[in-house]
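# can't give you the sequence, but here's the structure:
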């Protein structure tokens, strides 16, 4: 007998979440980056499958993968993790110079290289503007925004990390996932049992105002539980400034992906995760939350 949608979601979560936490909990950042990089590639593939003709997808994926690698590995904070941001030798000084130009290199790979690709492989000229725009958007939206999850792993705000658990700064990544996924859960049940007034029927007919408030409540409850169970550095001010804006941004991310899918006439971005659709369907909220939480924690770290 076929499982219902909710049962499929639960089964996927039971299998995937422990694996995810095991990888995130490893004290080194490389496994987390590798996992997130693969997720970004799948997300870009799903986006390009919706927006680009087949002839352009392989090139777009190649350009997107290289841009995401540069976005993470040429970032100053990444190289500081390996002690390469202020090196004395000539070879390492050249590396530092490359780090200084990291933003320019990343933009070259994300914007100029796609522009050059379509300049010399334009084929159908009237469609070039749309194809170029879709390529750049896919790299930034599905690629860069996903990579912020890996960047969060580098932020260590814990004054006394537990060496036995090795969990340390994985909590910074978990916060984003908790905000996104508990907002989804809270929104689902509040919308199902309390919702009548539609939130944005032109984009997502099933979403209700009750679901929106339930989503924010779910995010808040999730971060409160993290505050009580894990990080000493998470203050009550942080709880509210992360959970509430994050919960709102996550729902905007969900609606934005729904708008993209509606514009191209598809129900799900993919079929990789039973009950969830594709990777983009599962992380659409995360894409809007992760950069905000990353910026917030960087400011907190600096202060």
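Noted; the coordinates are in hand. Predicted model only: the values in this text are computed from it and were never measured.
# Residue ranges in the stretch 151-300 of the chain under the pLDDT threshold?
The stretch 151-300 of the chain contains residues with pLDDT under 70 at 158-168, 271, 273-276.
# Please enumerate the helices of it.
Using DSSP state H, counting those that start in this stretch, the helices found in the stretch 151-300 of the chain span residues 170-193, 209-229, 236-264, 279-302.
# Of these, give the one that comes closest to residue 65.
Taking CB to CB, helix 279-302 is the member of the helices of the stretch 151-300 of the chain nearest to residue 65, at 14.8 Å. Glycine gets a C-beta too; all of them are placed from N, C-alpha and C.
# Might you calculate how far the closest one sits from the centre of the chain?
7 Å (CA atoms, centre = their mean, to the nearest Å).
# Output the contacting helices and strands for that helix.
Here helix 279-302 touches helix 30-51, helix 145-152, helix 170-193, helix 236-264, going by 3 or more CB pairs under 8 Å, 6 or more residues apart in numbering; DSSP states H and E.
# could you redo the last one with a cut-off of 10 Å?
Where contact means 3 or more CB pairs under 10 Å, 6 or more residues apart in numbering; DSSP states H and E, helix 279-302 is packed against helix 5-25, helix 30-51, helix 76-81, helix 145-152, helix 170-193, helix 209-229, helix 236-264.
# looking at the ones you listed, which is closest to residue 300?
Judging these by CB to CB, what sits closest to residue 300 is helix 236-264, at 7.1 Å.
# Now tabulate the helices of the stretch 151-300 of the chain in TSV and tack on distance to residue 119 and mean neighbour count.
Shown next, in TSV, are the helices of the stretch 151-300 of the chain (distance: least, CB to CB, whole Å; neighbours: other CB atoms under 10 Å):
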stretch	distance to residue 119	mean neighbour count
helix 170-193	37	23
helix 209-229	43	20
helix 236-264	25	19
helix 279-302	28	21
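# Nearest to residue 134 among those helices would be which one?
Of all the helices of the stretch 151-300 of the chain, it is helix 236-264 that lies closest to residue 134, at 9.8 Å by CB to CB.
# so how far is the closest one from its chain's centroid?
On CA atoms, centre = their mean, the centre of helix 236-264 falls 11 Å from the chain's centre.
# Give the other helices and strands that it contacts.
Helix 236-264 sits against helix 30-51, helix 170-193, strand 198-200, strand 204-208, helix 209-229, helix 279-302, with contacts defined as 3+ CB pairs under 10 Å, 6+ apart.
# possible to save these as a markdown table with distance to residue 58?
Formatted as a markdown table, those follow (distance: least, CB to CB, whole Å):
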| stretch | distance to residue 58 |
| --- | --- |
| helix 30-51 | 9 |
| helix 170-193 | 30 |
| strand 198-200 | 35 |
| strand 204-208 | 32 |
| helix 209-229 | 37 |
| helix 279-302 | 18 |
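# out of these, which comes closest to residue 139?
Residue 139 lies closest to helix 30-51 among the helices and strands packed on helix 236-264, at 6.8 Å (CB to CB).
# Now the residue nearest the centre of the chain: closest residue in space, sequence neighbours ignored.
Geometric centre of the chain, nearest residue: residue 146, 3.1 Å, by CA atoms, centre = their mean. Of all residues not flanking residue 146 in the chain, residue 40 sits nearest, at 4.0 Å (CB to CB, 6 or more residues apart in numbering).
# any idea how far residue 142 is from the one you found?
7 Å (CB to CB, to the nearest Å).
# Need the residues touching each of the two.
64, 68, 279, 283 (CB atoms under 10 Å, 6 or more residues apart in numbering).
# care to break this protein down by domain?
Domain segmentation of the chain under automatic domain parsing yields 1-27+163-303, 30-152.
# any low-confidence regions in the stretch 1-150 of the chain?
In the stretch 1-150 of the chain, residues with pLDDT under 70: 1-14, 83-100.
# now with 50?
Within the stretch 1-150 of the chain, the stretches with pLDDT under 50 are 1-3.
# coming back round to it: I'd like the helices of the stretch 151-300 of the chain as TSV, with distance to residue 127 appended.
Shown next, in TSV, are those (distance: least, CB to CB, whole Å):
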stretch	distance to residue 127
helix 170-193	34
helix 209-229	37
helix 236-264	14
helix 279-302	23
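# Next, count neighbours for the residue nearest to residue 146.
By other CB atoms under 10 Å, 28 other residues sit near residue 40.
# mind checking how far residue 228 is from residue 260?
Distance, residue 228 to residue 260, by CB to CB: 37 Å.
# likewise residue 118?
For residue 118, the distance to residue 260 - CB to CB - is 21 Å.
# related to what we said a few turns ago, ok, now which ones touch the residue nearest to the centre of the chain?
36-44, 68, 279-280, 283, 286-287, 290.
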